[in-house]
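Novice: Need a 3D model of the sequence below.
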Amino acid sequence: MFSDSTSSPAAWPADHTPPRGVLVLTGYALRATVWRGRLRVADGIGRDRREALVHRATGRLRRLVVLGHTGSVSLEAIRWLADVGAGYLQIDADGRVLAAFGPQGTDRPGLRRAQARALDTPLGNDIARRLIAEKIAAQAQNLARLDAVGDADVTVTTMRDAAARLHVAVTRDEIRMAEATAASAYWSALSTVPVRFARRDAERVPAHWLTLGSRTSPLTGGPRLSVNPANSALSYLYAILEGEATIAARIVGLDPGLGVLHADQLNRDSLSADLMEPVRPLVDRYVLELLARRTFAADDFFETSRGVVRITPPLARELALTAPDWARAIGRVAEDVARLLEPTDASGRVQPTPVSGRNRSAGRRRGFVSRAVAPALPTSRGCTQCGAPTAGKRRTCSAACEAEARAAQDPAPFEGAGVRALAALRATGMEPVDRVARERIGDRQRVRQREENAWNAANPERSDPEVFRLDVLPALQGVPVRELARRTGLSVAYCARIRRGEEVPHARWWARLRELDSVECRP
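Specialist: Model (predicted):
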């Protein structure tokens with residue numbers, strides 16, 4: 001764990017193991033050096049300083065994310081990261097990606113030459129069209145998940161028209177026009193999504209913080225410098241995604257600067273922006289689920305003198321832990337684009353998949369771009385009274401906040417509601433839970449318990465839930481809940497909780513769930 005920086009190295013606790021392999025440094029006077037073979041890091045603001053040591057073997061570090069611009073990273077620390085295969089990502093306070101590099105990739109001059117020739121060619125336009133088709137399809141799925149999206153009929157019609165125009169588009173300008181049409185309807189529909197804040201902060205929060213609002217900032221006329229919390233979180237996650245796209249492109253042998261959809265521009269990695277397109281809606285989905293589940297505190301954000309809203313370090317560190325999931329999603333896209341540009345290597349073998357680690361690429365035909373997989377990360381909740389993080393599914397963080405919540409709750413609507421509901425059911429001749437129903441439920445539970453005991457006896461090694469979250473769960477996001485229930489025999493409600501990441505099923509179901517991998521979706 002991180003320790004107080006005033007303590008001496010000899011008094012530090014055991015080596016720190018970053019959660020999900022992501023180490024996040026925030027604040028000022030950031031530092032990353034090497035001490036006695038271990039990575040030594042420090043961050044914080046003012047007197048609130050933290051220090052930690054990470055060992056090469058036990059740290060399992062995958063990403064070092066630096067959120068700031070003051071401090072130092074030593075050359076020895078950079079080499080330490082390269083030795084353990086960890087990536088480095090630095091993001092400025094305004095959301096700009098300042099640096100992004102990862103493990104050494106493959107040097108493929110033929111791939112880069114094919115990438116440079118693809119601009120404004122049928123192949124390049126075909127890749128661009130496929131990327132945007134994935135994006136529009138994922139945006140439509142996000143809208144379908146919402147209970148209300150404004151004028152739903154107009155939005156659905158606009159999205160369908162944009163998809164139809166994209167299907168027949170043959171130039172980059174036509175592809176961009178279709179993408180812009182869909183994006184306008186999409187963000188207009190999402191603008192009214194509510195953002196919840198703790199009751200204690202109700203008077204401190206301005207009105208424009210209470211909805212997702214427009215992606216266009218009044219300060220810049222674009223998405224930069226967001227003026228509300230939801231868009232600030234989106235921009236921050238997009239910055240992480242951009243860094244992961246740059247790292248993934250270099251690992252597979254692509255040049256991040258040579259795009260096929262985004263035009264060449266100084267100091268911009270155009271291909272990284274291309275690769276981000278089909279994954280952006282997955283980031284949107286994560287933020288929408290976060291807004292639906294999370295009660296924020298006003299202190300999770302702060303407003304600059306210009307009115308720009310930025311994320312405070314605790315929430316920034318929490319969101320940065322999603323980096324490995326975006327790396328996996330964007331890695332699939334980068335690998336498929338590389339395979340389209342150069343299907344085989346010099347020896348005639350199908351190109352490898354060094355980012356995602358897929359082993360099925362040899363059986364896929366040329367011209368096929370697999371769907372990026374949305375990570376279903378369990379999003380934390382916040383106390384409804386003060387906005388502090390809560391444990392599990394609790395609505396409050398302490399006994400004091402729970403007492404406040406109960407005192408503010410009007411019991412009148414709930415008094416006798418259950419008794420009246422049961423009486424109404426019985427009046428129709430329906431017994432909610434009769435003896436036969438209880439026996440049927442008990443028999444089913446006993447059968448399931450015997451099956452689990454038999455599986456545990458045949459598989460004595462304990463299964464790690466993290467393996468399910470990383471290897472099985474992402475691939476289930478494109479599978480309908482009813483299909484999961486039909487193929488497994490589990491209830492629809494339980495399958496819905498599994499797909500949202502709220503439940504980890506018994507390990508005996510994992511093999512069957514892997515068979516439902518739906519990443520093969522033709523655009």
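Novice: Leaving out sequence neighbours, find the closest residue to residue 455.
Specialist: Nearest residue to residue 455, sequence neighbours excluded (C-beta to C-beta, 6 or more residues apart in numbering): residue 508, at 4.1 Å. (C-beta placed from N, C-alpha, C; glycine too.)
Novice: part of a strand, is the one you found?
Specialist: No: under DSSP: H, G, I helix; E, B strand; the rest coil, residue 508 sits outside any strand and is assigned helix.
Novice: what about it, neighbour count?
Specialist: Counted with other C-beta atoms under 10 Å, the neighbours of residue 508 add up to 16.
Novice: Same question for residue 192, what's its three-state structure.
Specialist: coil.
Novice: pretty sure it contacts residue 212?
Specialist: Yes: using C-beta atoms under 8 Å, residue 192 is in contact with residue 212, at 7.4 Å.
Novice: Same drill for the two, tell me which one is more crowded.
Specialist: Neighbours per residue, other C-beta under 10 Å: of residue 192 and residue 212, the larger number sits with residue 212, 22 against 13.
Novice: quick one, what contacts that one?
Specialist: Going by C-beta atoms under 8 Å, 6 or more residues apart in numbering, residue 212 touches 190-193, 195, 228, 230-231, 291.
Novice: Name the nearest of the residues you listed relative to residue 32.
Specialist: Each of the contacts of residue 212 was scored against residue 32 by C-beta to C-beta, and residue 231 proved nearest at 30.1 Å.
Novice: I'd say that closest one and residue 213 touch.
Specialist: Yes: Residue 231 is within contact range of residue 213, at 6.3 Å (criterion: C-beta under 8 Å).
Novice: just to revisit the earlier point, quick one: contacts for the residue nearest to residue 455?
Specialist: Contacts of residue 508 by C-beta under 8 Å, 6+ apart are 451-452, 455, 459.
Novice: Can you show me the strands along the stretch 301-450 of the chain?
Specialist: 301-303, 309-311 (DSSP state E, counting those that start in this stretch).
Novice: Report the two of the contacts of residue 212 separated the most.
Specialist: Greatest spacing in the contacts of residue 212, by C-beta to C-beta: 192 and 231 (13.6 Å).
Novice: Serialize the contacts of residue 212 to JSON lines and add fields for pLDDT.
Specialist: Formatted as JSON lines, the contacts of residue 212 follow (pLDDT from 0 to 100):
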{"residue": "190", "pLDDT": "90"}
{"residue": "191", "pLDDT": "89"}
{"residue": "192", "pLDDT": "89"}
{"residue": "193", "pLDDT": "91"}
{"residue": "195", "pLDDT": "92"}
{"residue": "228", "pLDDT": "92"}
{"residue": "230", "pLDDT": "93"}
{"residue": "231", "pLDDT": "93"}
{"residue": "291", "pLDDT": "90"}
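Novice: Provide a list of residues in contact with residue 276.
Specialist: 238, 241-242, 245, 330.
Novice: State the phi and psi torsions of residue 472.
Specialist: phi -110, psi -50 (degrees, to the nearest 10).
Novice: how many neighbours does it have?
Specialist: Based on other C-beta under 10 Å, the number of other residues close to residue 472 is 20.
Novice: Could you do the one 3 residues further on as well?
Specialist: For residue 475, the neighbour count with other C-beta under 10 Å is 18.
Novice: And residue 452, by the same measure?
Specialist: 14.
Novice: In this structure it contacts residue 505, no?
Specialist: No: using C-beta under 8 Å, residue 452 makes no contact with residue 505, being 10.4 Å away.
Novice: related to what we said a few turns ago, can I get the contacts of residue 276 in a markdown table including pLDDT and secondary structure?
Specialist: Below are the contacts of residue 276 laid out as a markdown table (pLDDT from 0 to 100; DSSP: H, G, I helix; E, B strand; the rest coil):
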| residue | pLDDT | secondary structure |
| --- | --- | --- |
| 238 | 94 | helix |
| 241 | 94 | helix |
| 242 | 93 | helix |
| 245 | 93 | helix |
| 330 | 92 | helix |
